[in-house]
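In: From the sequence below, what's the structure:
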Amino acid sequence: MANSYGWKGKILRVNLTTGEIQTQSTSELAERFIGGRGFVSKIYWDEVDTKTDALHPDNPLMLITGPLAGTPAISGSRWFISGKSPLLYPKDQFGLGSVGGSMALKIKAAGFDGIIITGKSSKPVYIHINDGKVEIKDASGLWGCDIPDTRKRLSSEHGKNSQFLCIGPAGENMVRFAIAMSDNGACGGSGFGAVMGSKNLKAVVAEGSGNVAVARPDDLKEINSQVRSLIEGRILMDPNIEGIDLIKRTPCPGCPGGCARGLYKHVTGTEEVRKNCGSAYMYYLWDQKQHGGESTPNAFLATSLVDRYGLCAQEMNNLQHWLYECNVSGVITDDKAGLPISQIGTMEFIEKLVDMISFRKGFGDVLAEGTGRAAHSLGKDSVKQFDLRVTRSGFNATAYNPRFFITNSVFYATETTSTMNELHEVCFPIMKWAMWFATDGSMSPFSTEVMQKIARKFWKSEKAIDFSTYDEKAEVAYIIQNREYAKENLVVCDFMYPITTADGAEDYVGDPTIESRLLSAVTGIEFSEQDYYRTGERVFNLQRAIQGREGRVGRKDDHLNEFNFTDPFEEEPGFFAVFNPEYMLPGPGGELATRKGAVIERDKFEKMMDEYYSLRGWDVKTGLQTKEKLEALELSDIVPEMRKAGHLFE
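Out: Sure thing, here's the model as predicted:
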C-alpha cells in the first residue's frame with residue numbers, strides 16, 4: 001500500500017523457542033483485510049495447520065490492532081487477541097477476543113500494527129517492547145503471581161507510560177478458559193490466557209513515543225464532532241450490583257463514553273473497574289438464589305475473584321449453570337465434585353471453585369477443560385444439561401434468545417466464534433424501544449415509529465423490527481454480519497458503533513456511513529458505505545472457509561440448539577424481564593406482538609436459511625461457498641485448497 005496513514009506498516013514477530021525477532025510488512029494484508037479481525041483471519045488461514053493443537057508452540061498468538069488505533073478517531077482503540085482457541089469445542093479451532101483499554105495505542109506507538117508470538121520459552125518470560133526495541137526478559141519472579149500483583153510489579157519496573165497484557169495462575173496452569181488481562185478491566189477471552197501459559201509467556205509490555213499519521217485530519221475532526229452530537233444525551237446504565245458506588249467514569253482512550261465503564265468502590269473498600277455487561281453479573285443470579293431473591297455484595301467480589309486469577313467470567317457462568325443443573329438432576333453430587341454445589345451463591349463456594357479450577361485440583365482438573373469438554377467426559381446425562389445452555393462451539397446459547405429475537409437464530413446457526421456483536425446490533429436498539437414502551441415514552445424517545453425509520457435506514461425494511469414474522473430476517477442477518485465484520489476490521493467499539501439510535505439527533509435516527517468515513521479520513525483511501533461492508537463480507541467468507549477446514553462444513557453443520565425448536569420461550573433473567581415481562585415486541589404495521597411461549601418454527605427457519613444462503617451467493621442446498629463468489633470478493637487465493645478439500649460447490 002503506497003501510503004502509511006493509519007497503518008504502521010509492519011507486524012512484530014517473536015519466536016520464544018529460538019529468541020528470533022523479525023518484522024513483516026502489512027501492506028498486502030491492509031489492501032484487502034484492513035486490520036483487526038481481517039488480519040488475524042488471513043494470517044490464521046495462511047499459517048495455522050489443522051493438526052496444530054492450541055497449546056502447541058506452533059500455534060501463533062496474535063495481538064492485532066486496526067488502522068484507527070492511535071489516531072483521534074472516536075472509540076478506535078480496541079484490538080484482537082487471536083489464534084487457535086483451546087476453549088472452543090469439539091476441538092481446538094480458530095478463535096478471537098476483542099480487547100479494550102490502551103494496549104493497542106501502545107503497540108502502535110511502539111511502531112507496529114500487531115505482534116505475533118510463536119514457540120515456547122524454556123522458562124517463564126515476558127516480552128518488553130519500547131519504540132521498536134524488543135527484549136525477551138526473565139519472568140521467573142512473576143510466575144505464580146495473580147493479575148493485580150503482576151501488573152503492580154510490571155508498572156514498578158517499567159513505569160506508567162507502559163501498558164501490559166498478562167495472565168494469572170489460571171493461564172499458567174493452562175485452564176482452557178483462562179483470559180489475558182490488560183488495563184481498565186479489559187480482557188481477551190477464548191482461552192488465550194492458556195495459550196500464553198503454554199508458551200511460558202507471563203506478559204507483554206508495550207510502550208513507545210511514535211504517532212499514527214492521519215490522511216485528512218480536518219475530515220476526521222468533523223466526523224468526531226458528528227459522533228459526539230449524535231450520542232449527546234445517551235443514558236449510561238451502571239451495573240445493578242449491590243454494595244458499589246461509582247467513583248468516576250473510565251472510558252477507553254478516545255471514547256466519550258459509549259458504555260458505563262467506570263471505577264466502582266465496594267463496601268469492603270475494594271476499587272475496581274466494571275462495565276454493565278455479563279461479566280459483572282456472573283454471580284448475580286446465584287447470589288440472589290442463595291439469599292431468597294435478595295442481592296448481597298457477593299456478586300462484585302465474585303467477579304473480582306475470577307479476574308484476579310484470570311478466568312473467563314462468561315465461561316464461569318456457563319460452567320456454574322451446568323454444574324447446578326447436573327447437581328439437581330443427580331448427575332454430579334457434592335461428594336463427586338468435592339464442591340458444595342448446593343451452596344452456589346455463597347463466597348465459600350465461588351472461592352473453592354476458583355481455586356480448584358485455577359490450580360487444577362481434584363475435580364477442578366475436569367472443570368478446567370471448559371464446560372463442553374467436562375460435560376462430554378461425564379456422559380450423555382451431563383451432555384443433556386450442557387445442550388440446554390451452551391452452543392456446540394462453547395458459547396452461551398440463550399443470550400438475546402433467538403426464540404425472542406428471530407434474526408439472532410441465523411447468527412447462532414452460522415458462527416463458531418462469539419456472536420455478541422451481531423446480537424447487540426439487533427438488541428441494543430430494541431432495548432431502547434422497550435424502555436419507551438415500559439415508561440410510556442418518559443424515559444426513552446425511541447417509539448415504534450422511530451424504530452421503523454431506523455430499520456429502513458440500517459436494515460432496508462421496517463420488517464427488520466417486525467418480530468412476528470420470519471420475512472426478510474435473512475437479509476437483516478446478512479447486512480448485520482457484513483457490517484459487524486467490517487467494524488471488527490477497523491477495530492471500533494461495539495458499544496459505540498453502529499450508531500443506530502441517536503439520542504442527540506432531531507429525528508433520533510443515526511448514521512450508517514460514519515465508520516466508512518472514519519476509515520477514509522484516517523487512511524486517505526476512499527471507502528463508500530458499500531465498499532466498507534464488502535470488507536466485512538470478504539472476512540466473513542474467509543472465516544467460513546476456516547470453519548470448513550476445521551471440520552464444520554456447509555449447511556449440515558449450521559446448527560441451532562434443539563431446545564429452540566421444542567421448548568417454548570417463557571422468560572429470561574435480565575433487562576427485558578424487568579422492563580418488559582410479557583416480552584412484547586414491535587409486530588406487523590407497528591402493532592404489538594408477544595414472543596412469550598414462542599419457539600423457532602423449523603420449517604420457517606429452514607426457509608429463512610434458504611434465503612440467507614442465496615443472499616450470500618452460496619449453494620442453497622449444501623450451504624457451500626462458490627468459486628464465483630470467492631473470486632468476486634478477491635479471495636481467489638483460497639479457492640485451490642477449498643476445491644481440494646471438497647468444500648466448494650461446483
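
In: From Trp286, how far out is Glu351?
Out: 13 Å (C-beta to C-beta, to the nearest Å). C-beta: built from backbone N, CA, C; applies to glycine.

In: more crowded one of the two?
Out: Neighbour totals were compared for Glu351 and Trp286, and Trp286 leads with 23 against 13 (other C-beta atoms under 10 Å).

In: in which helix or strand would I find the more buried one?
Out: helix 284-290 (DSSP states H and E).

In: Output that helix in PDB with nothing but the alpha carbons.
Out: Taking Å, rounded to 0.1, in the frame of the first residue of the first chain, the C-alpha atoms of helix 284-290 are listed here in PDB:
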ATOM      1  CA  TYR A 284     -25.600 -12.100  40.500                       C
ATOM      2  CA  LEU A 285     -28.400 -14.700  40.000                       C
ATOM      3  CA  TRP A 286     -26.700 -17.300  42.100                       C
ATOM      4  CA  ASP A 287     -26.300 -14.800  44.900                       C
ATOM      5  CA  GLN A 288     -30.000 -14.000  44.700                       C
ATOM      6  CA  LYS A 289     -30.900 -17.600  44.600                       C
ATOM      7  CA  GLN A 290     -28.900 -18.400  47.700                       C
END
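
In: Could you report the neighbour count for Glu294?
Out: 9.

In: wait, is it part of a helix?
Out: No - looking at Glu294 with DSSP: H, G, I helix; E, B strand; the rest coil, it is coil, so not inside a helix.

In: Spit out the contact partners of the closest residue to it other than its chain neighbours.
Out: Closest residue to Glu294 apart from its sequence neighbours, by C-beta to C-beta, 6 or more residues apart in numbering: Gln288 at 6.5 Å. Counting by C-beta atoms under 8 Å, 6 or more residues apart in numbering, Gln288 touches Glu294, Ser295, Gly345.

In: Just name the lowest-scoring one in these, pLDDT-wise.
Out: Among these, Ser295 carries the lowest pLDDT, at 85.

In: is it true that that one touches Ile241?
Out: Yes - if you go by C-beta atoms under 8 Å, Ser295 and Ile241 touch, sitting 7.3 Å apart.

In: and for these two, which residues touch both?
Out: Tyr284.

In: Quick check on these two: which one has the bigger neighbour count.
Out: Between Ser295 and Ile241, counted using other C-beta under 10 Å, Ile241 has the larger neighbour count: 22 against 16.

In: which element follows the longest helix anywhere in the chain toward the C-terminus?
Out: Counting residues, the longest helix found in the chain (DSSP state H) is helix 529-549. Going down the chain from helix 529-549, the next helix or strand is helix 563-566, by DSSP H and E.

In: residue contacts, Gln320?
Out: Met282, Tyr283, Trp286, Ile344, Leu353.

In: and with 10 Å instead?
Out: Residues in contact with Gln320 (C-beta atoms under 10 Å, 6 or more residues apart in numbering) are 282-283, 285-286, 302, 341, 344-345, 349-350, 353, 371, 389.

In: Repeat that for Glu571.
Out: Taking C-beta under 10 Å, 6+ apart as the test, what Glu571 contacts is Asn401, Phe404, Ala577, Pro581, Glu582, Tyr583, Lys596.

In: Look up the closest residue to Phe177, ignoring the ones flanking it.
Out: Once flanking residues are discounted, Phe177 sits nearest to Glu315: 3.9 Å by C-beta to C-beta, 6+ apart.

In: Next one, pLDDT for that neighbour please.
Out: 95.

In: same question, the one 4 residues further on
Out: At Leu319, the predicted lDDT confidence score is 96.

In: Equivalent analysis for Glu571, please.
Out: Looking at Glu571, the pLDDT reads 79.

In: before we move on, the earlier item: okay, buried residues for the helix holding Trp286 please.
Out: By neighbour count with 16 or more other C-beta atoms under 10 Å, helix 284-290 contains the buried residues Tyr284, Leu285, Trp286, Asp287, Gln288, Gln290.

In: Export those as a markdown table, with columns for pLDDT.
Out: Converted to a markdown table, the buried residues of helix 284-290 look like this (pLDDT from 0 to 100):
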| residue | pLDDT |
| --- | --- |
| Tyr284 | 90 |
| Leu285 | 89 |
| Trp286 | 91 |
| Asp287 | 91 |
| Gln288 | 90 |
| Gln290 | 91 |
